[in-house]
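Chemist: Sequence first, predicted model second:
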Amino acid sequence: MRDRFHQADRGVSITVTHALTIAITTVLITMLLMAGGTLLENQKETSARLSLETVGERLSDELSNVDRAAIGTNDTVTATADHPRTVAGSSYTVELLPASECGDGRFLDGSTECLKLTATDADTVVYVPVKIDAEIDDDSKTVAGGTIEIRHRSDTGDPTTSEISIHGGTR
């Protein structure tokens, strides 16, 4: 009789072993998928930040170039800059800010105007310094990424008092 119980225990042992193997495998695969999802999310944020910095630096150079080109003129100088509409699969906005609103980002010293670039889906904000002599026009807008129009105009015809602004492009 003892042999019959011993054989029955062996059958239970195999079933328990299979159940434990499946449970442990399921837990390990779940943990692997969760870690992979977190890694992808971090990569998306990093990619968005780097892309926003690149777009911001290009736009900062374009603003500085328009500001320099307009020195000593009474004319309105307008330039259109084409940039990607999305970064890391996310749309973004660009805003030209006075130094007092620029925050404590890298390369910002509190006396330099900046561009604030915000990726909507990646929850990423980047500040990029801008070297311009003109004042920021109150007409300057928060614009979506893509085609951006830069306007530099002389205030009341005096070339020493000029204003610069950004607007959404029409293309």
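Modeler: Yep, that arrived.
Chemist: Look up how far Glu101 lies from Ile166.
Modeler: Going from Ile166 to Glu101 by C-beta to C-beta, to the nearest Å gives 15 Å. From N, CA and C alone the C-beta is placed, and that goes for glycine too.
Chemist: okay, the two: which has more neighbours?
Modeler: Set side by side, Ile166 and Glu101 show more neighbours around Ile166, with 25 against 12, by other C-beta atoms under 10 Å.
Chemist: For burial, what's the neighbour tally of Gly89?
Modeler: 11.
Chemist: The one 10 residues further on too?
Modeler: Applying the criterion other C-beta under 10 Å, we find 15 residues in the vicinity of Ala99.
Chemist: what sits against it?
Modeler: Contacts for Ala99 (C-beta atoms under 8 Å, 6 or more residues apart in numbering) come out as 110-114.
Chemist: ok, which stretches of the protein are strands?
Modeler: 77-82, 86-87, 90-97, 113-119, 124-130, 135-136, 143-144, 147-155, 158-168 (DSSP state E).
Chemist: Could you dump these into a markdown table with mean pLDDT and distance to Ile24 added?
Modeler: Shown next, in a markdown table, are these (pLDDT from 0 to 100; distance: least, C-beta to C-beta, whole Å):
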| stretch | mean pLDDT | distance to Ile24 |
| --- | --- | --- |
| strand 77-82 | 92 | 54 |
| strand 86-87 | 92 | 41 |
| strand 90-97 | 93 | 38 |
| strand 113-119 | 93 | 39 |
| strand 124-130 | 92 | 38 |
| strand 135-136 | 90 | 61 |
| strand 143-144 | 94 | 49 |
| strand 147-155 | 88 | 55 |
| strand 158-168 | 81 | 55 |
